[in-house]
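> only geometry, no sequence info:
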């Protein structure tokens, strides 16, 4: 009899120990599950903050593109405002130059920039603007045509900062002489130096 009771006590002790182990393992699994569930969420919290700054940085600006208008004695530079929405600092000037190189679309304004001229690069920092154009920029026309296209580039490049210094490059090299008639460029060019040295 006593032996049977002892074995029953051992059995109930073993059952209690097994139950405690099951509870501990179950609690551990529940703890792991609760701590692992947030891991998918950080991807949502990372991607959402990136959207608002893009919207805040987009700004609409109104630069001016410069064309030529014939007069009795030569040309006048005339401006055309264009609206540009940009997110990067150089985008406003780049788009203004794309408009300039495409040529006027209406009115009596003209351009002496040769067709096919491409913008190879544009960099604006501090009060300097570097404009890199394709070799087409140097072809065709006499000295009046050359001076006209220099004025168009200088004035369009300085539309956001009228006091900026402009460096004109062709295929990445600074342009010192333009055209067969040899219009010398004293770089950097400014609106003031253009008016003094290159009368239209």
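That came in fine, so what should we check first? This is a predicted model, so every value here is computed, not measured. Numbering: from 1, shown residues only.

> From residue 126, how far off is the residue nearest the centre of the chain?
Central residue of the chain (C-alpha atoms, centre = their mean): residue 88, 3.1 Å from the mean position. Noted for residue 88: a distance of 17 Å to residue 126, by C-beta to C-beta, to the nearest Å. To be clear about C-beta, it is placed using only N, CA and C from the backbone, and glycine gets the same treatment.

> What of residue 116?
Residue 116 sits 32 Å away from residue 126, going by C-beta to C-beta.

> Which one's more surrounded, the two?
The neighbour comparison of residue 116 against residue 126 (other C-beta atoms under 10 Å) goes to residue 116, with 11 against 8.

> how about the closest residue to the more buried one other than its chain neighbours, what does it touch?
The shortest distance from residue 116 to any residue other than its chain neighbours is 4.4 Å, reached at residue 136 (C-beta to C-beta, 6 or more residues apart in numbering). Residues near residue 136 by C-beta atoms under 8 Å, 6 or more residues apart in numbering: 114, 115, 116, 117, 118.

> Then residue 141?
Residues in contact with residue 141 (C-beta under 8 Å, 6+ apart) are 112, 114, 149, 179.

> cool, and residue 131?
Residue 131 makes contacts with 97, 119, 121, 122, 153, 157, 166, 167, 168, 169, as judged by C-beta under 8 Å, 6+ apart.

> coming back round to it: where neighbours are concerned, which of the contacts of residue 141 has the most?
Going by other C-beta under 10 Å, residue 149 tops the contacts of residue 141 with 26 neighbours.
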